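Asks: Turn this into a model:
(one chain, ligands or ions: 1)
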Amino acid sequence: MKLKNLQGKSIIVVGGAGYIGSHVCKKISSKGGLPIVFDNFSAGHKHAIKWGPYEKVDLRNNKETSKAFEKYKSVETVIHLASSIEVNTGEKFPSEFYTNNVLGTLNLLNAMKNTNARKIIFSSTCATYGEIEDVPILETVIQNPLSVYGKTKLAMEHMIESFHKAYDLNYIILRYFNAAGADPEGDIGEEHDPETHLIPNALNAAASGKSMKIFGTDYDTIDGTCIRDYIHVNDIAQAHIDSIQAQKNGLKSADVNIGTGEGYSIFQILSMIEKVTGYKVKYKICQKRAGDLAKIYADTSKAENVLGFKTKYSNLENIIQTAWNFYKNKK
Ligand SMILES: NC(=O)c1ccc[n+]([C@@H]2O[C@H](COP(=O)([O-])OP(=O)(O)OC[C@H]3O[C@@H](n4cnc5c(N)ncnc54)[C@H](O)[C@@H]3O)[C@@H](O)[C@H]2O)c1
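Replies: From the prediction side, this is the model:
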């Protein structure tokens, strides 16, 4: 049975002031639920919190984290999106990355253990897979992440699984592929600083006339550029609602890809950006980056079978159009 609404249900959204978290909060609210944001605002924005209360909480601070969970101790479900995400920063500053992601998650799990929060939905990433030849990627492949970012996210997954076995914590790990696009109503969108993601950087190049960098054009792909699976952030938000329903129906543990099953090359993205914006995208070709894979896209059958998840917003033109609308309104 599909959940009609979340009427009366409070959900703690850790990292809810960020890009994906704010879309998750809006979706929870649209279903009648109350999102309670925990965030330290290291990367998120107060102006992106519009659908419920918030607590300023830094997961690295054990006492602060426990206190915030104590305040909301009757809440059953936690969505955990808080993380350092910038891949190059992770390579330069692994200590900070492990502290924020791994220690932060340990503090969160320990705090949950002392309250009624027995269900977690965790934002993981396709970066935990590493170099996989066989695409589309199935959840069952051996995860061997290349980046510090991917390694910390895999460590977080392992911790959650251990707490599930020992302390009866139910979990759904969602391994998102490339989140993109913006709220169709324009309330929120992607505002990372620094912005390292392709679509906002390419929109910026289109609007400003400045060149963007493309790392490598001799990959073994249709046009030599890397292929990725871009999924609309609103579809990712819906995957959390489907996960809440699956947990309500008794699902105790699962790890699930959240992607579209289709891949687009960088040049295909740029050409759609030119079509949508009407501007040319200038670019400079640079050396390949270590650790960038030629192609990666999701096998989506488990998401459909286990969560009943299907994408609705993720056609490429819609992704770019909503991102472009947000970009223009922000200026
Ligand atoms: N954006 C993508 O394409 C993508 C792809 C795969 C997975 N993910 C995962 O999705 C999640 C959200 O990504 P996003 O793009 O929205 O990132 P984001 O940086 O916009 O959001 C992360 C939020 O977490 C908060 N945060 C970070 N450290 C914290 C701490 N110690 N205590 C409290 N709050 C803290 C930040 O302030 C921010 O609001 C991350 O866990 C990321 O690994 C993102």
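Asks: May I see the buried residues of the worst-scoring helix or strand of the chain on mean pLDDT?
Replies: Scoring the helices and strands of the chain by mean pLDDT, DSSP states H and E places helix 87-92 at the bottom, with a mean of 92. Of the residues in helix 87-92, 87, 89-90 count as buried by neighbour count, 16 or more other CB atoms under 10 Å. (Glycine included, C-beta is placed from N, CA and C.)
Asks: now swap in stretch 288-300 and tell me
Replies: 293-300.
Asks: Could you do stretch 22-30 as well?
Replies: Under 16+ other CB under 10 Å, the buried positions of stretch 22-30 are 22-29.
Asks: Check stretch 98-118 too.
Replies: 98, 100-102, 104-109, 111-113, 115, 117-118.
Asks: Also within reach of the ligand: list those from those residues.
Replies: 100, 104 (CB under 6 Å from any ligand atom).
Asks: export stretch 179-188 as CSV, just CAs?
Replies: C-alpha atoms of stretch 179-188 as CSV (Å, rounded to 0.1, in the frame of the first residue of the first chain):
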residue,chain,number,x,y,z
ALA,A,179,21.9,14.7,-8.2
ALA,A,180,20.9,17.6,-10.5
GLY,A,181,18.1,20.0,-11.2
ALA,A,182,16.1,22.1,-8.8
ASP,A,183,12.7,22.4,-7.3
PRO,A,184,10.2,23.1,-10.1
GLU,A,185,8.5,25.9,-8.1
GLY,A,186,11.9,27.6,-7.7
ASP,A,187,11.9,27.7,-3.9
ILE,A,188,15.3,25.9,-3.6
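Asks: Would you mind listing the outside residues contacting it?
Replies: 19-20, 22-23, 26, 48, 50, 189-190, 197, 199, 230-234, 236, 313-314, 318-320, 322-323, 325-326, 329 (CB atoms under 8 Å, 6 or more residues apart in numbering).
Asks: Tell me which of those fall in helices.
Replies: Among these, DSSP state H puts 19-20, 22-23, 26, 199, 233-234, 236, 318-320, 322-323, 325-326, 329 in helices.
Asks: So which residues of the protein form helices?
Replies: Going by DSSP H, the chain shows helices at 19-30, 62-71, 87-92, 94-98, 104-113, 148-167, 198-208, 233-248, 266-277, 301-302, 316-330.
Asks: what's the spacing between the spatially closest residue to Asp218 that is not a sequence neighbour and Ile132?
Replies: Closest residue in space to Asp218, ignoring its immediate chain neighbours: Gly224 at 5.2 Å, by CB to CB, 6 or more residues apart in numbering. Gly224 sits 20 Å away from Ile132, going by CB to CB, to the nearest Å.
Asks: got it, and His232?
Replies: Where Ile132 is concerned, His232 sits at a distance of 24 Å (CB to CB).
Asks: now swap in Phe93 and tell me
Replies: 27 Å.
Asks: what does Ala182 give?
Replies: Applying CB to CB to Ala182 and Ile132 gives a distance of 29 Å.
Asks: of those two, who's got more company?
Replies: Neighbours were counted for Ala182 and for Ile132 using other CB atoms under 10 Å; Ala182 has more, 28 against 17.
Asks: where does this protein dip in pLDDT?
Replies: Applying pLDDT under 70 to the chain picks out residues 1-4, 331.
Asks: Would you mind listing what in it touches the ligand?
Replies: 15, 17-21, 39-44, 57-60, 81-83, 85, 100, 104, 123, 125, 153, 176, 178-179, 192.
Asks: From those residues, keep the buried residues only.
Replies: 15, 17-21, 39-40, 43-44, 57-60, 81-83, 85, 100, 104, 123, 125, 153, 176, 178-179.
Asks: Who are the contact partners of the residue nearest to Leu293 when sequence neighbours are not counted?
Replies: Ranked by CB to CB, 6+ apart and with sequence neighbours excluded, the top spatial neighbour of Leu293 is Glu131, at 6.1 Å. The contact partners of Glu131, taken as CB under 8 Å, 6+ apart, are 144, 146, 293.
Asks: Could you count how many residues lie near Tyr72?
Replies: 18.
Asks: how close does Leu154 get to the ligand?
Replies: Distance of Leu154 to the ligand, computed by CB to the nearest ligand atom, to the nearest Å: 11 Å.
Asks: Now for that residue: which residues touch it?
Replies: Leu154 touches 124, 128, 143, 145, counting by CB under 8 Å, 6+ apart.
Asks: Dump those to a markdown table, plus neighbour count.
Replies: Below are the contacts of Leu154 laid out as a markdown table (neighbours: other CB atoms under 10 Å):
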| residue | neighbour count |
| --- | --- |
| Ser124 | 23 |
| Thr128 | 23 |
| Gln143 | 21 |
| Pro145 | 20 |
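Asks: got the end-to-end distance for stretch 308-320?
Replies: 26 Å (CA to CA, to the nearest Å).
Asks: Would you check that Tyr98 makes contact with Met156?
Replies: No: the pair Tyr98 and Met156 fails to qualify as a contact (CB atoms under 8 Å) at a distance of 10.3 Å.
Asks: Now Lys280, what are its backbone angles?
Replies: phi -80, psi 140 (degrees, to the nearest 10).
Asks: Find the nearest non-adjacent residue to it, please.
Replies: Once chain neighbours are set aside, the closest to Lys280 by CB to CB, 6+ apart is Glu274, at 6.1 Å.
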